[in-house]
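Asks: Got a sequence here, can you model it:
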Amino acid sequence: MAAATVWLASGWPVGGVLVGLAVIGVPWLLAQFSAGNAAVERLEALQEWVRRTSDVLAAGGGLEQTLIRSARTAPGPIQAEVVTLGARLQARWPTSRALLAFADDLDDAAGDLVVGALLLGAELRGPGLARVLTELAGSLTEEVTMRRKVEADRAKPRANARWLLLITVAAAGLAALNGDYLAPYGTGLGQLVLAVICALIVGCLLWMRRLTVAAPSARFLVDRDGGRRTELDPDEVPAR
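Replies: Coordinates of the predicted model:
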């Protein structure tokens with residue numbers, strides 16, 4: 001709506017397109033530049049859930065019932081995924097299928113490690129699962145500490161990127177209020193030049209976003225065709 005209004009009011013097709021992109025893109029970029037801690041919070045929540053689960057299993061709880069009951073106290077960042085896992089188990093999904101769906105919901109390499117351990121525990125039904133999960137929770141704690149240090153180093157570039165984005169938007173707004181300044185862009189050639197300039201600015205902002213976002217670790221509970229694995233070989237679980 002805003003894009004069409006600007007286009008009709010100004011007669012500038014490029015201006016309408018830019019306003020439409022700004023309405024969608026500016027909030028998205030601001031969220032991207034501010035979302036660094038979300039992944040760390042999810043990892044910390046996963047670590048907490050794994051530790052609680054291992055404690056219940058060590059006390060003699062059954063795997064499926066422990067997973068179902070864990071939904072009541074699951075940490076907020078992964079509560080939806082754990083509740084869904086519990087619902088699937090209550091609906092009598094096969095345990096392996098429910099766990100693989102849980103790994104897809106988490107969509108994280110650390111989640112694959114946890115699900116890999118749970119899959120092996122569900123298959124072997126031995127007493128060692130609680131110990132494995134406890135050790136895994138310790139490894140996740142170390143990873144949380146490491147990621148927090150990395151995010152602290154990335155905080156300043158993200159803040160600079162946010163300020164640059166806000167300054168760019170403010171400068172564009174002030175320029176739009178100055179009719180004499182934008183008059184040369186009213187011609188067909190001017191519209192083309194304006195489109196090129198804005199494309200370069202958008203490209204720089206996207207490049208900065210790429211630099212400030214950490215690349216996700218590769219998952220291993222995914223087959224080569226991009227689907228979910230139906231079986232898990234114990235030898236395929238990577239050591240931490």
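
Asks: And the most centrally placed residue in the chain, what's its pLDDT?
Replies: By CA atoms, centre = their mean, the mean C-alpha position of the chain lies nearest to Ala39, the distance being 6.1 Å. Here, the pLDDT recorded for Ala39 equals 81.

Asks: Pretty sure it sits against Arg147.
Replies: Yes. In terms of CB atoms under 8 Å, Ala39 counts as a neighbour of Arg147; the distance is 7.2 Å. From N, CA and C alone the C-beta is placed, and that goes for glycine too.

Asks: Point out where the protein drops to low pLDDT.
Replies: 1-11, 15, 32-36, 179, 212-216, 223-240 (pLDDT under 70).

Asks: Try it again at 50.
Replies: The model of the chain has pLDDT under 50 over residues 224-240.

Asks: Identify each buried residue in stretch 138-149, please.
Replies: 140-141, 143-144, 147 (16 or more other CB atoms under 10 Å).

Asks: what residues does it touch?
Replies: 39-40, 43-44, 46-47, 50, 110, 240 (CB atoms under 8 Å, 6 or more residues apart in numbering).

Asks: From these, keep the buried residues only.
Replies: The buried subset of those (16+ other CB under 10 Å) comprises 39-40, 43-44, 46-47, 50, 110.

Asks: report the longest helix in this structure, please.
Replies: helix 129-177 (DSSP state H).

Asks: Can you lay out the buried ones among the contacts of stretch 138-149 as TSV showing distance to Gly86 and secondary structure?
Replies: Formatted as TSV, the buried ones among the contacts of stretch 138-149 follow (distance: CB to CB, whole Å; DSSP: H, G, I helix; E, B strand; the rest coil):
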residue	distance to Gly86	secondary structure
Ala39	23	helix
Val40	25	helix
Leu43	21	helix
Glu44	21	helix
Leu46	16	helix
Gln47	19	helix
Val50	15	helix
Ala110	20	helix
